[in-house]
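Enquirer: give me coordinates for this.
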Amino acid sequence: MNKKWMIIIPASLLMLFIIFFPPEVVWNHSSDQTRTVFQQNPKQAQTTLTRNGITYQSLSYLQKQWNLDTDINEIDGKIILVHGKKRLTLFQEMPVLNVNGRFVPLSRGPIKENNEFWLANEAIRQIEKELKDTRTSTRIPAVALQRVPVHELVDYLSFLKNPIRGAHVSTRDSQLPGAPRPYRNGVHEGIDWYGYTTGVKMTTKTPVLSMADGIIVRADHNYKEMTESERNQLLKKAAELGQTPEYILDKLRGRSVWVQYDKGILARYVHLDRISKKIKVGEKVKTGQLIGYVGNSGTSDGVLGNNEGLHLHLDIFIYGEWFWRYYTMNERRIILEKVFHPEEKK
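Expert: Sure thing, here's the model as predicted:
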């Protein structure tokens, strides 16, 4: 073969390759010239992730698949998915799903890695099932959306019973909802039941009782206490952010049980020492049934492994909203005292 054909054949093959596999053209502009650079197509973004044998898919990929309106709070780790009248809310590392204000169990909460949120395959199947459920969405009452007269809110909550037998609402405002919590740049979301302010001695044998009939949404039977260093790192991050992200606050709650009650009311029983073996996610719980026992898990005392600071922290939400957010501290006290001291309703 002569030199002429040795040049023509490779050149022809190159032209055919360019025609059938065109490279991406990138125009690099400079002050004096424009040049063309041929490069390979960039690698597709990663859409799956495996951690501890669990396979996750990226939220950005799922957003395209589901074609939903999405609102993501990167700091709080809060993800809102909207499909028609359905509004689903997920929380970073928290095994619960809020569906139009009512909570249901979720196999695993989203995780965050490489500035991306990831959902486990089992959780994805649960979410898709909720999205396909076309039943009429719940009509959220005014009591959850705006201020109503105090007596109306008291009536709405009146079916709830005292979670600590014989105890009264704390005599200290600092243990009521909305009290400042400067150590973590936040506010107190619930009610604390300490022995020295509620009239009942608190020990790790003090029973915590269900306030009504409901469904167990979450039960941290396998909770593992943080180290002091781990807790301090969380508080340091909250200080740097100037607020307590929801996923950090969830860790500071320690061992928890969440119960969904009627009328859109969710209760979180927090800082528990241990949980009754009869409490199982997805199953029913009866009024007065044992939830667990008072503790200090997740607190500064809990990480030290002592029995100081024992108390029950109780959060109450109405369709995902703090029951107390439209009321003054004095009104919050009145509401709580009337709900948990029925004789004062007269």
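
Enquirer: tell me where the stretch 1-150 of the chain has helices.
Expert: 3-20, 59-66, 121-132, 142-145, 150-157 (DSSP state H, counting those that start in this stretch).

Enquirer: what's near enough to touch the residue nearest the centre of the chain?
Expert: Centroid check for the chain by Cα atoms, centre = their mean gives residue 91 as the closest residue, at 3.1 Å. By Cβ atoms under 8 Å, 6 or more residues apart in numbering, residue 91 lies in contact with 76-79, 109-110, 246-247, 250. From N, CA and C alone the C-beta is placed, and that goes for glycine too.

Enquirer: could you check how far it is from residue 53?
Expert: 23 Å (Cβ to Cβ, to the nearest Å).

Enquirer: the inter-axis angle of the longest strand seen in the chain versus helix 150-157?
Expert: Using DSSP state E to define each element, the chain has its longest strand at strand 311-318. Going by axes from the mean of the first three to the mean of the last three Cα atoms, to 10 degrees, strand 311-318 is angled at 100 degrees with respect to helix 150-157.

Enquirer: for strand 311-318, packing partners?
Expert: Packing partners of strand 311-318 (3 or more Cβ pairs under 8 Å, 6 or more residues apart in numbering; DSSP states H and E): strand 191-194, strand 265-270.

Enquirer: again, only using 10 Å
Expert: helix 142-145, helix 150-157, strand 191-194, helix 195-198, strand 257-261, strand 265-270, strand 290-293, helix 329-340 (3 or more Cβ pairs under 10 Å, 6 or more residues apart in numbering; DSSP states H and E).

Enquirer: now distance to residue 163 too, for the ones you listed, in CSV please.
Expert: Listed next are the helices and strands packed on strand 311-318 as CSV, based on distance: least, Cβ to Cβ, whole Å:
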stretch, distance to residue 163
helix 142-145, 21
helix 150-157, 13
strand 191-194, 7
helix 195-198, 11
strand 257-261, 10
strand 265-270, 7
strand 290-293, 8
helix 329-340, 9
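
Enquirer: after the longest strand of the chain, next one along is what?
Expert: Next in sequence after strand 311-318, counting helices and strands by DSSP states H and E, comes strand 321-322.

Enquirer: so how far is that next one off the chain centroid?
Expert: Centroid separation between strand 321-322 and its chain, computed with Cα atoms, centre = their mean, to the nearest Å, is 14 Å.

Enquirer: which residue sits closest to residue 276, ignoring its sequence neighbours?
Expert: residue 290 (4.5 Å; Cβ to Cβ, 6 or more residues apart in numbering).

Enquirer: partners of the one you found in the sheet?
Expert: residue 209 (DSSP bridges).

Enquirer: one more: residue 192?
Expert: Applying DSSP bridges, one finds that residue 192 bridges with residue 313.

Enquirer: contacting residues for it?
Expert: 169-170, 172, 174-177, 179, 198, 270-271, 309, 311-314 (Cβ atoms under 10 Å, 6 or more residues apart in numbering).

Enquirer: again, 8 Å this time
Expert: 170, 175-176, 311-314.

Enquirer: residue 293 too?
Expert: 204-208, 272-274.

Enquirer: then residue 244?
Expert: So residue 244 contacts 181, 184-186, 238, 252 (Cβ under 8 Å, 6+ apart).

Enquirer: got it, and residue 310?
Expert: 194-195, 202-204, 206, 273, 294-296.

Enquirer: any idea how far residue 195 is from it?
Expert: 7 Å.

Enquirer: find residues that contact each of those two.
Expert: residue 202.

Enquirer: any idea how far residue 172 is from residue 279?
Expert: 29 Å.

Enquirer: no no, residue 216
Expert: 30 Å.

Enquirer: which one of the two is surrounded by more residues?
Expert: residue 216 (21 against 13; other Cβ atoms under 10 Å).

Enquirer: assumed that one was part of a helix.
Expert: No: with DSSP: H, G, I helix; E, B strand; the rest coil as the criterion, residue 216 is assigned strand and is not in a helix.

Enquirer: before we move on, the earlier item: which residues does the residue nearest to the centre of the chain bridge with?
Expert: Going by DSSP bridges, residue 91 forms beta bridges with residue 78, residue 94.

Enquirer: and the contacts of residue 91, which two are the farthest apart?
Expert: Farthest-apart pair in the contacts of residue 91 is 79 and 250; separation 14.3 Å (Cβ to Cβ).
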